[in-house]
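>>> 3D, please:
(one chain, ligands or ions: 2)
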Amino acid sequence: MEPFDYHLFVCDQRKPDGVPCCSARGAAKVIDALRREVNARGLEDEVQITVCGSLGLCEHGPSMIVYPEGIWYSGVQPEDVAEVVQSHFEQGIPVERLIRTDPAALRAEILTDRARMLQGLRARDAAGMLPDELNDSIRGYQESRVMLTALELDLFSAVGDGNPAQAVAATVGADPRATGMLMNALASMGLLLKMNGVFSNGPAAARYFREGSPDNARPALLHTAHLWTRWSKLTDCVKVGTAQDHEEIEARGEEWTEAFIAAMHRNASERAPSVVRVVGVDGVRRMLDVGGGSGAYSIAFAKANSELMADILDLATVAPIARKHIERAGVAGRVVLRSGDLRSGPLGLDYDLVFVSAICHMLSPDENRDLLARCHAALSAGGRIVIQDFILDEDKASPKFAALFALNMLVGTRAGDSYGEQQYTEWLQGAGFQQIRRVRLPGPAGLMIATC
Ligand SMILES: C[S@@+](CC[C@H](N)C(=O)[O-])C[C@H]1O[C@@H](n2cnc3c(N)ncnc32)[C@H](O)[C@@H]1O
Ligand code: FES
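Residues are numbered from 1 along each chain as shown. Ligands and ions are numbered 1, 2, ... in the order given. Model prediction:
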């Protein structure tokens with residue numbers, strides 16, 4: 001059975017440096033060109049493109065097989081793609097010059113390649129070499145650092161529609177030789193494209209990292225660059241048991257706060273519609289958003305119920321950023337900012353909903369017990385608390401995101417952590433809540449919901 005007119009399996013296998021493979025021979029550009037050409041010709045529902053591992057023609061890649069005919073192409077270049085799509089997929093005429101026509105030779109090449117690969121793997125194993133995946137994880141910081149430095153310099157904006165390294169260095173105010181080295185590394189990672197000494201942004205960089213793009217994530221990603229500094233002190237934090245050189249958020253300066261809230265806002269704006277749908281707004285007249293950040297969740301709740309009034313409690317340094325988002329969303333009359341410290345003092349009275357998103361992980365177990373008791377006191381009878389956070393499974397070793405996030409709290413807070421469902425349940429019970437339940441949502445965070 002073949003549900004599409006054509007189904008392509010295009011190899012993008014990456015092998016260790018120096019070993020021939022489709023990835024090193026430019027498969028990504030071919031795949032990108034195929035997708036664009038197929039879309040441009042309106043064939044996206046007829047031609048299915050599946051990226052796959054090695055097809056065994058590694059020295060002659062990029063390779064692909066086209067079904068239903070079972071035609072093998074090798075050595076396909078981006079400039080061949082228009083012809084392949086037009087001739088083969090529109091007119092049904094395969095491009096002869098790129099096809100492997102001798103089945104015996106094809107089979108021999110694949111078997112020879114496989115034998116060579118297995119021999120290499122066995123030799124590496126016998127020599128006790130680290131497997132590639134392990135090596136990649138251990139050196140992962142290099143690629144991460146390259147991207148973060150490029151983002152800090154706003155290099156992708158400086159590259160613009162195409163520039164040599166020297167011009168980019170002048171724009172970002174950096175050393176020309178070092179900028180060239182950085183840009184070559186970015187090109188090796190596929191984020192920049194390099195032709196005749198001129199660099200341009202690859203599709204991902206142009207969309208996510210460049211000033212002016214509607215999906216530019218740079219302001220939010222600068223928060224990750226700030227976290228890098230903390231993570232580099234992980235060894236000391238593990239030895240000592242808490243963050244090194246810890247500073248309260250108010251003391252971290254405007255640039256830090258802007259990047260932090262931008263990162264929270266980007267994430268919250270994406271998740272807010274599904275959270276509001278799951279929580280529901282019927283009967284919610286007044287809500288309190290504890291540590292509400294940019295206001296993204298309060299705004300979404302207010303938009304879902306025109307009767308709803310939301311109070312956001314957050315630090316005074318965050319208020320100007322939240323105010324802009326609230327005004328832009330046109331809910332300034334119903335979403336109100338209150339500056340204060342969520343760690344102490346009463347939270348107010350008579351709320352129907354208290355929302356505590358991405359807050360509990362910053363706090364110690366005792367601080368959470370205290371916060372949840374004050375949330376209980378702030379709710380009217382029958383009101384609900386909704387906690388959103390990265391909730392650990394019982395073994396505390398999964399999911400991976402929550403387990404790693406615990407370390408993010410170790411390096412960034414005095415006593416924060418990722419917590420498990422059982423721990424949240426105990427705290428909520430201790431604070432007097434009932435009907436406690438966990439709601440799993442797509443993505444790394446989940447909800448704990450309980451009634452007053
Ligand atoms: C991780 S962000 C979560 C923001 C928002 N709730 C969300 O889910 O997108 C934590 C928020 O808590 C605020 N915050 C941290 N410490 C606080 C404190 N002591 N009092 C009030 N707000 C605080 C921060 O300013 C930030 O907006
Ligand atoms: S790496 Fe693509 S065919 Fe082997």
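
>>> can I see the domain layout of this protein?
Following automatic domain parsing, one finds the domains of the chain at 6-123, 139-227, 249-451.

>>> mean confidence for the longest one?
The predicted model gives domain 249-451 an average pLDDT of 96.

>>> Kindly report the same for the shortest one.
The average pLDDT within domain 139-227 is 97.

>>> Tell me the buried residues in stretch 235-251?
237, 243, 249 (16 or more other C-beta atoms under 10 Å). To be clear about C-beta, it is placed using only N, CA and C from the backbone, and glycine gets the same treatment.

>>> Grab the nearest non-local neighbour of residue 338.
Of all residues not flanking residue 338 in the chain, residue 313 sits nearest, at 5.1 Å (C-beta to C-beta, 6 or more residues apart in numbering).

>>> The longest strand along the chain - contacts with which helices or strands?
Ranked by number of residues, the top strand in the chain under DSSP state E is strand 379-389. Applying 3 or more C-beta pairs under 8 Å, 6 or more residues apart in numbering; DSSP states H and E, one finds that strand 379-389 contacts helix 254-279, strand 351-357, helix 365-378, helix 421-431, strand 446-451.

>>> List the buried residues of it.
Using 16+ other C-beta under 10 Å as the test for burial, strand 379-389 gives 379, 383-389.

>>> and residue 156, what is it in contact with?
Taking C-beta atoms under 8 Å, 6 or more residues apart in numbering, we find residue 156 in contact with 150, 191, 201, 205-206, 209-210, 218.

>>> if we can go back for a sec, need the contact partners of the longest strand of the chain.
By C-beta under 8 Å, 6+ apart, strand 379-389 touches 275, 279, 349-361, 372, 375-376, 418-419, 424, 428, 433, 445-452.

>>> neighbouring strands for that strand, and are they parallel or not?
strand 351-357 (parallel), strand 446-451 (antiparallel) (DSSP bridges).

>>> Share the number of residues neighbouring residue 198, please.
Residue 198 has 14 neighbours, counted by other C-beta atoms under 10 Å.

>>> Once you drop chain neighbours, what's closest to the residue of the stretch 101-250 of the chain found nearest ligand 1?
Closest contact between the stretch 101-250 of the chain and ligand 1, by C-beta to the nearest ligand atom, is at residue 249 (5.1 Å). Leaving aside its sequence neighbours, residue 249 sits nearest to residue 315 (C-beta to C-beta, 6+ apart; 6.0 Å).

>>> And residue 176, by the same measure?
Residue 176's closest residue in space is residue 169 (C-beta to C-beta, 6+ apart), at 4.2 Å.

>>> mind listing what the closest residue to ligand 1 within the stretch 301-450 of the chain touches?
Closest residue of the stretch 301-450 of the chain to ligand 1, C-beta to the nearest ligand atom: residue 357 (3.3 Å). Going by C-beta under 8 Å, 6+ apart, residue 357 touches 268, 275, 289, 291-293, 297, 386-389.

>>> which among the residues you listed gets closest to ligand 2?
residue 268 (40.9 Å).

>>> Name the next helix or strand downstream of the helix or strand that contains residue 325, please.
Element membership for residue 325 (DSSP states H and E) is helix 319-329. Past helix 319-329, further along toward the C-terminus, the next helix or strand under DSSP H and E is strand 335-339.

>>> quick one: that next one near ligand 1?
No: contact of strand 335-339 with ligand 1 (C-beta under 6 Å from any ligand atom) is absent, the minimum separation being 8.2 Å.

>>> Run the chain-centre distance for that strand.
Mean-position distance between strand 335-339 and its chain equals 30 Å (C-alpha atoms, centre = their mean, to the nearest Å).

>>> between that strand and helix 319-329, what angle do the directions make?
180 degrees (axes from the mean of the first three to the mean of the last three C-alpha atoms, to 10 degrees).

>>> Direction included, what does strand 335-339 pair against?
Strands that pair with strand 335-339, judged by DSSP bridges, come out as strand 309-314 (parallel).

>>> pull the CA atoms of the partner strand into PDB?
Taking Å, rounded to 0.1, in the frame of the first residue of the first chain, the C-alpha atoms of strand 309-314 are listed here in PDB:
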ATOM      1  CA  MET A 309     -10.700  40.500  37.200                       C
ATOM      2  CA  ALA A 310      -7.100  39.400  37.800                       C
ATOM      3  CA  ASP A 311      -4.500  40.700  40.300                       C
ATOM      4  CA  ILE A 312      -0.900  40.000  39.500                       C
ATOM      5  CA  LEU A 313       1.500  39.900  42.500                       C
ATOM      6  CA  ASP A 314       5.100  40.300  41.500                       C
END
